[in-house]
Each structure stands twice: as structure tokens, then as C-alpha cells.
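Colleague: show me the folded form of this:
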Amino acid sequence: MAFPDDALDDDERLVLHGRPHWRLCLWPAAVLVLLTALAGFGAAVVRLQTWAPYAWALLAAVAALAALRWSVLPILRWRCSHLVVTNHRFLVREGVVGRDGLDVPVDRIDAVRVRSTVAGRVLGYGTLLLDVAGERLRFADVPAVERVQARLHREIGRLAETRRTAERERQHTALRGHADAAVRGRMAEPPQRGSTEEPRAVPERNPNDRVKPR
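Modeller: You can find the predicted model right below:
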């Protein structure tokens, strides 16, 4: 079952999608094999009895109920579980009929840690630890946990850089607005007035006029 796109916001982009590690299906598969073997063995034991058809029906009903409870439902629960990383959130969705969900905003994640045992390193799974607002969230059986950690670190850094760029742009816009306001204010000021006395007219002198000697 793919992760539904309608669970994402309009500006949200899917970065990584996965499910819990497949090892969670090993025990349900083993139970199914064991139940099949036991039912077959029981049917073979009572095959010579006159009431064998009734015993077979009872064995089939018990085996079917046990397989549904300890094999089919766990595999369906694993199949319907989602681990999702987007450019804004880390999402967990679980459940077949009733759905449980957890959303962790990327900008609220303080630290991302991983833990892997020897078997986890061999099979490719581990535990993801998220420090969110002073609280530690633990997610077990995460496949390729180092890859999930790297993607989360990348999205955290990208979101932080986007916010720094937006903050610098906001500061630049504010400074430009202050400068424009100062220029408009100087342009709106009335011109400075000098002396109120009008300048005296200087009589024009004819170049042909000569100063007569006394």
C-alpha cells in the first residue's frame, strides 16, 4: 500500500518512504508454517476415525483463527505501516482499520541519533532516536536507519538555510524601506530661505564711458 498523497500539504514534498523492517514478518510467517504443519498432523492422526470429517472441520477452524490472529493480522499491520520523511515533517502511520499517526515537524527536531546492534547492522535495520523539544522519541526496526538519519539532517539543514535566507531578505527589505522613507522625507522638506533683503540692482556700465580726469 503506497503512502497517500492527500496526506501531504500543497507545498510538501515526499523525500523518503518506507516501512518497518521485514524481520517483523518472520515470526508471523513461522507461525503460519507451524499452524499448517500441526493442522496437517492432526488431520492425519484422526483420518481413520468415523468422526474424522468433524475433527477436520474443527482443526481447520482453529488453525484459521490462530493464523488470522498471529500471522495474517501482524503482516497486514506491517504492510499498512509507513515511515515517511518530507521536507517539512517526519510521519509515522500505523494500523489496519483504526489508524494511529505521529507527525514530527522537522524544524522542531534538535538531534537525530541511531542505534544498531550486530544483527541490525547485518540485516540493515536499527533504532531511530529523535530529540524533540526536550523529549526523546524512539522508533525501532527502521530499515536503513543511517539513510533516514542522513535525509533528516539534510532537510533540517535545508530548512534552516531557507529561514536564514528569508531573514536576511526581510532585514534587507526593512533597511531599504527605511532608506526610501529618509529620501522621501528630505524631498518633502521646504527649501531653506536666506536673507529677506532683496539684492540691489547694479547699474550697467557702458564700456565707451571713460572716467574723466579731474
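Colleague: shouldn't Val97 be within a strand?
Modeller: No: secondary structure of Val97 (DSSP: H, G, I helix; E, B strand; the rest coil): coil, not part of a strand.
Colleague: that one: neighbour count?
Modeller: Residues near Val97, counting by other Cβ atoms under 10 Å, number 6. Where C-beta positions appear, they are placed from N, C-alpha and C, glycine not excepted.
Colleague: next, it: phi, psi?
Modeller: phi -100, psi -60 (degrees, to the nearest 10).
Colleague: tell me the pLDDT at it?
Modeller: If you check Val97, the pLDDT there is 81.
Colleague: kindly report the same for Ala174.
Modeller: Note for Ala174: predicted pLDDT of 77.
Colleague: how close does it sit to Val114?
Modeller: In this view, Ala174 and Val114 are 42 Å apart by Cβ to Cβ, to the nearest Å.
Colleague: please say which of these two ends up with more neighbours.
Modeller: For Ala174 and Val114, the more surrounded residue by other Cβ under 10 Å is Val114, and the numbers stand at 16 against 10.
Colleague: that one is in what secondary structure piece?
Modeller: Per DSSP states H and E, Val114 falls inside strand 109-115.
Colleague: all helices for this protein, in order.
Modeller: Using DSSP state H, the helices of the chain run over 26-45, 52-67, 73-79, 118-123, 145-188.
Colleague: comparing the ones you listed by mean pLDDT, which bottoms out?
Modeller: helix 145-188 (a mean of 83).
Colleague: quick check: closest non-adjacent residue to the most centrally placed residue in the chain.
Modeller: For the chain, the residue sitting closest to the mean C-alpha position, by Cα atoms, centre = their mean, is Arg89 at 2.2 Å. Residue nearest to Arg89 in three dimensions, not counting chain neighbours: Asp103, with 5.2 Å by Cβ to Cβ, 6 or more residues apart in numbering.
Colleague: over to Leu16?
Modeller: Val85 (4.0 Å).
Colleague: what's opposite that neighbour in the beta bridge?
Modeller: Counting by DSSP bridges, Val85 forms beta bridges with Leu16, Phe90.
Colleague: ok so, going back, dump the helices of the chain to a markdown table, plus distance to Ala133.
Modeller: Putting these into a markdown table (distance: least, Cβ to Cβ, whole Å) gives the following:
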| stretch | distance to Ala133 |
| --- | --- |
| helix 26-45 | 35 |
| helix 52-67 | 43 |
| helix 73-79 | 29 |
| helix 118-123 | 27 |
| helix 145-188 | 14 |
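Colleague: of these, which is nearest Arg108?
Modeller: The closest of the helices of the chain to Arg108 is helix 145-188. By Cβ to Cβ, the value is 9.9 Å.
Colleague: so what's Ala29 up against?
Modeller: Counting by Cβ atoms under 8 Å, 6 or more residues apart in numbering, Ala29 touches Ser71, Ile75.
Colleague: and what of the one 3 residues further on?
Modeller: With contact set as Cβ under 8 Å, 6+ apart, Leu32 has these partners: Ala67, Ser71, Val72.
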